[in-house]
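Visitor: Just to be clear, the model below is a prediction. Sequence and coordinates:
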Amino acid sequence: MSPERARPGRTELGRIDISDDVVAKIAAYAAAEIPDAGSAASGFGRMLGRRKTPGVRRTSLTTAPKTIARVDGATARLSLVISVRWPAPIPRVCAAVRRHVGDRVAELTGLVVTDIDIEVTDLTTGERPRRVDGANA
């Protein structure tokens, strides 16, 4: 006989609470598992016309995206800010992120994910552009 899975919220033996920050970290790591998605730079640094602004993240396909989670009992709402690898189709990447993040958060926490909002703020190649000049063409 297998034991019943513990669920977040009130149970007959007590209460299980999972922090918003823990759920956000799980969601961010899950999003980073999608090859065409990654962290996105804040628009603030670009808006100021600077390449490097203290405290502003840079776009990267190898780091976890900024994620916010709101846990209410046994449910969670997630918001992610991501970059997408060029030329991958943005709707396809967002659907893959949404599906994978929802599955992983539910699997690892037992929470029911009700909403996953995704904001794509950057496109990236994931590598430095190659210089093309007449001598090497």
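Guide: Great, that's in hand. Since the model is a prediction, treat every value here as computed from it, not as a measurement. Residues are numbered from 1 along each chain as shown.

Visitor: Following the chain past the top helix by length along the chain, name the next helix or strand.
Guide: Using DSSP state H, we find that the single longest helix of the chain is helix 90-109. Secondary structure here is assigned by DSSP states H and E; on that basis, the next helix or strand after helix 90-109 toward the C-terminus is strand 112-124.

Visitor: Quick check: phi and psi on the nearest residue in space to Thr114 that is not next to it in sequence?
Guide: Using C-beta to C-beta, 6 or more residues apart in numbering and skipping residues adjacent in sequence, the residue nearest Thr114 is Thr75, 5.1 Å away. Using the backbone N, CA and C atoms, a C-beta is placed for each residue, glycine as well. Dihedral angles phi and psi of Thr75 (degrees, to the nearest 10) take the values phi -120, psi 160.

Visitor: do the same with the one 10 residues further on
Guide: The phi and psi torsions at Arg85 (degrees, to the nearest 10) take the values phi -70, psi 130.

Visitor: Report the beta-bridge partners for it.
Guide: Beta-bridge partners of Arg85, counted by DSSP bridges, are Thr124.

Visitor: same thing with Ala69?
Guide: In this structure, Ala69 bridges to Leu78 when assessed by DSSP bridges.

Visitor: show me what contacts it?
Guide: Residues in contact with Ala69, defined by C-beta atoms under 8 Å, 6 or more residues apart in numbering, are Asp20, Asp21, Val23, Ala24, Ala27, Ala76, Arg77, Leu78, Ser79.
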